[in-house]
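A.B. asks: predicted model follows, preceded by the sequence.
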Amino acid sequence: MMHMTLYWGKDVTLLIDSWKTDSWLSYLLTLLACLVFSSFYQYMEDRRLRFGSLASSTPSLPSSAVVPLIPKYRRSAKFVTAVLFGVNSAIGYLLMLAIMSFNGGVFLAVVSGLAMGYLFFRFSDEDPVVVDNACACA
């Protein structure tokens, strides 16, 4: 039976039918996996934003540089940025589906992992990342 309200307990089915917890050890390992996976989400978001800002910046060219290589560099950088965006979106949707198990421990593990990942990977004052559009859907 699927829960429709927030509940607390060690019995949880996460994402797929074969990922069921029936003991406290498996439940704690599941919570640890959720915590690590959500921290990894923040790491990937930081990498994507940094790579996107590097890809959009104008590279300094030496005097002997060949000009036709610049558009190829831009295309590959945009492609890598798009791939990183897709991977990060998939991770975000999987985290959302994990929270939709409505287990309180899973909810706290994902939110704690996101906060820890932000603190470790994205809370730096050395390189501020400028976002052109504040809308989450852009």
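C.D. replies: Cool, got the structure. Numbering: from 1, shown residues only.

A.B. asks: pull the helix or strand with minimum mean pLDDT from this protein.
C.D. replies: For the chain, counting by mean pLDDT, DSSP states H and E, helix 69-99 ranks last in confidence among helices and strands (a mean of 83).

A.B. asks: give me the element the residue nearest to S23 when sequence neighbours are not counted is part of.
C.D. replies: Counting by CB to CB, 6 or more residues apart in numbering, K10 is the residue found nearest to S23 once chain neighbours are left out, at 7.0 Å. All C-beta spots, glycine's among them, are computed from the backbone N, C-alpha and C. Counting by DSSP states H and E, no helix or strand carries K10.

A.B. asks: could I get the average pLDDT for the one helix or strand S112 maps to?
C.D. replies: According to DSSP H and E, S112 maps onto helix 104-117. Helix 104-117 shows an average pLDDT of 96 in the prediction.

A.B. asks: distance from it to the middle of the chain?
C.D. replies: When distances are taken as CA atoms, centre = their mean, to the nearest Å, helix 104-117 is centred 13 Å away from the chain's centroid.

A.B. asks: what of stretch 9-20?
C.D. replies: On CA atoms, centre = their mean, the centre of stretch 9-20 falls 22 Å from that of its chain.

A.B. asks: now do the buried residues in that stretch.
C.D. replies: For stretch 9-20, burial by neighbour count (16 or more other CB atoms under 10 Å) applies to K10, V12, L14.

A.B. asks: export those to a markdown table and tack on distance to F107 and pLDDT?
C.D. replies: Listed next are the buried residues of stretch 9-20 as a markdown table, based on distance: CB to CB, whole Å; pLDDT from 0 to 100:
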| residue | distance to F107 | pLDDT |
| --- | --- | --- |
| K10 | 14 | 92 |
| V12 | 11 | 92 |
| L14 | 12 | 91 |
